[in-house]
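>>> coordinates only, no sequence provided:
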DNA sequence: TTTATCATGACATTAGTTGTCATGTTTTAT
DNA sequence: ATAAAACATGACAACTAATGTCATGATAAA
């Protein structure tokens, strides 16, 4: 077996095991201890952060996290990674911030001048715009971690009525329009609710779960309706355009040949309050026919507005 | 010099030069032609797509694009790349689609089982939501290319009034809410306008530019208030909470000791229409005092609502 | 037909790698 | 204090791999 292959095997073995002695490697790969020392010198020269402890109970320790075998990328592939990173640029808080920085550095350094120019151009001529929030989301990383590790959360949360304590089972975390959201099952209210990660004031504790639960992708796909009511709306072209931008309605918009549209879809009763502002904004661009409750709510709101500004009838 | 280093040098030389003879490499690196043949066999075994043409004027040709030297990533760094890719998932049309796929494959294959699990989790528990557009953007790649290469564009464009021909100088391309936009200087109208890439019907021709122009980042930064009007609003606690969630107002909200708040800030006249729906939604939680135009617009809207639903006074 | 290429094999020479042994040093358990 | 378990390093012979030289063949274009 070639030296390169052997070095690679040892690199993988070492970075997986973290702490080991030269003898262990020698036994594992059937080579002499002297050779192991030489190999480790080579790996160290190649940049693997490894250090040795002398004496009894000593041995080698790999500092960094696990390494992948070296990977060959084409220039275009490198550019595509920078392109993807570009899409994260307008987020204020990001997990993997440090890692993304170091990947970018490693790649950029290996590029030839010409390709560096291309990356610079991608960086300055392509953007993924988000509202640049000044809202801090300090608990994003912790929340993500809990979601990924399938852990329940006890947390302090800033609700409409002030600070409350919640006990939830996260489904996942998603970003939209520069904000991070946390769909989760609320044990108190016994249903899935949507939280905003920036409104989480503190995570009190987490607890493991042994069974599998829904993930965000499934959640996006399986919107559960407990108290169905029929939402029936006629839309102008502009109405169609705007409803298409609303996650919960997007799939329900039926577009006619002339560009106008209709929504005729069961929604949960709880969603009425949520969709009211949208139809309020749309005004004549959306004519709600059902449910009556939505119409009443809109009219009440409109009357309130007129009253405040002294135009009440 | 070690064989590995030499092979790497040749890999870089070869993938930069694309076409060459064994003699050229031999001269360049002061090695024998026989060794070059052996090296090329090695590179070919390593997966470099290279082929030879026999006979006079023959030589080697590297098929793929330029290669980067092998890069060592940590597992966490690999995960961060998948995280970034995740943010592109809800876009329908993407440049670098193929490259992103092959990067993902290369990385995923090199991961150990445990890390594969982590990537799978990032993929299923984290999302960057966009309205999943059903609109096709076939010319995205071409438009991007022209923007990156600082080229002017003559194009057929689908405007409100039908198909028109435009002559523009692109500033860049950006994505927002699942759609791609092209801010560009319009030579006919002599000002910067915003185009939608999905409405570009065809690119007729492009022309080089030798001077530098604005890029998207600069353009985002150069937002100026042309017609300032005073926005003066009193907010309840709930009003404060909601205004804090709106990017454009966020910084302008002054919070009082009792939790209520005030907005008193100059905004552009054009923004009135934009902020109307917000204050409409807030109802009694926001009392707009200035500008009158905003109040009128809100009342008009409210009256429209009542009229549509048959509650007009 | 000649020339410029790649392709491959044989073989001596050179360079690099490995194992063995020796000698040190450092740390910890006994 | 001593022994044991670890790393560190050097010397050198034995082994293995890489290289250059030469030879032969194939292919395609001038």
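Looks like it came in fine. Model, not experiment: these values are computed from the prediction. Numbering: from 1, shown residues only, chains lettered A, B, ... in the order given.

>>> for the nearest residue to residue A:226 once chain neighbours are set aside, give its distance to residue A:275.
Nearest residue to residue A:226 in three dimensions, chain neighbours excluded: residue A:268, at 5.9 Å (Cβ to Cβ, 6 or more residues apart in numbering or on different chains). C-beta: built from backbone N, CA, C; applies to glycine. Distance, residue A:268 to residue A:275, by Cβ to Cβ, to the nearest Å: 10 Å.

>>> flag every residue of chain A that's near DNA strand D.
A:2, A:21-23, A:33-34, A:37, A:40-41, A:52-60 (Cβ under 7 Å from any atom of the strand).

>>> so which of those are in strands?
Taking DSSP state E as the definition of strands, those contribute A:52, A:53, A:59, A:60.

>>> which one of the residues you listed is nearest to DNA strand D?
For these, the closest approach to DNA strand D (Cβ to the nearest atom of the strand) belongs to residue A:52, at 3.1 Å.

>>> now chain A, which segments are flagged as low pLDDT?
Residues of chain A that meet the criterion pLDDT under 70 lie in A:132-134, A:222-225, A:245, A:247-248, A:311-313.

>>> just to check, residue A:277 is in contact with residue B:281?
Yes: between residue A:277 and residue B:281 there is a contact under Cβ atoms under 8 Å: 4.0 Å.

>>> for the stretch 151-300 of chain A, which segments count as helices?
Using DSSP state H, counting those that start in this stretch, the helices of the stretch 151-300 of chain A run over A:216-221, A:237-243, A:247-250, A:271-282, A:292-308.

>>> now these as CSV including mean neighbour count?
As requested, these are arranged in CSV below (neighbours: other Cβ atoms under 10 Å in any protein chain shown):
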stretch, mean neighbour count
helix A:216-221, 16
helix A:237-243, 19
helix A:247-250, 16
helix A:271-282, 19
helix A:292-308, 18
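
>>> got the domain boundaries for chain A?
A:3-62, A:75-125, A:140-221, A:228-308 (automatic domain parsing).

>>> rewinding a little: thinking the residue nearest to residue A:226 is in contact with residue A:231, fair?
No: counting by Cβ under 8 Å, residue A:268 stays clear of residue A:231, with 9.8 Å between them.

>>> what about those two, which has more around it?
Neighbour count, other Cβ atoms under 10 Å in any protein chain shown: between residue A:268 and residue A:231, residue A:231 has more, with 22 against 17.

>>> distance-wise, check the nearest residue to that one once chain neighbours are set aside relative to residue B:66.
By the measure of Cβ to Cβ, 6+ apart, the closest residue to residue A:231 outside its immediate chain neighbours is residue A:267, 4.6 Å from it. Distance of residue A:267 to residue B:66, computed by Cβ to Cβ: 53 Å.

>>> likewise residue A:49?
Distance of residue A:49 to residue B:66, computed by Cβ to Cβ: 29 Å.

>>> what of residue A:16?
Residue A:16 is 32 Å from residue B:66, by Cβ to Cβ.

>>> who has more neighbours out of these two?
More neighbours surround residue B:66 than the other of residue A:16 and residue B:66, with 21 against 14 (other Cβ under 10 Å).

>>> now do the contacts for the more buried one.
A:74, A:75, A:112, A:115, B:15, B:16 (Cβ atoms under 8 Å, 6 or more residues apart in numbering or on different chains).

>>> is it possible to export these to CSV including distance to residue A:174 and secondary structure?
Converted to CSV, these look like this (distance: Cβ to Cβ, whole Å; DSSP: H, G, I helix; E, B strand; the rest coil):
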residue, distance to residue A:174, secondary structure
A:74, 31, strand
A:75, 32, helix
A:112, 38, coil
A:115, 33, helix
B:15, 39, helix
B:16, 42, helix
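
>>> quick check, nearest of those to DNA strand C?
Taking Cβ to the nearest atom of the strand as the measure, DNA strand C lies nearest residue B:15 of these, at 15.5 Å.

>>> nearest to residue B:241, out of the domains of chain A?
domain A:140-221 (7.2 Å; Cβ to Cβ).
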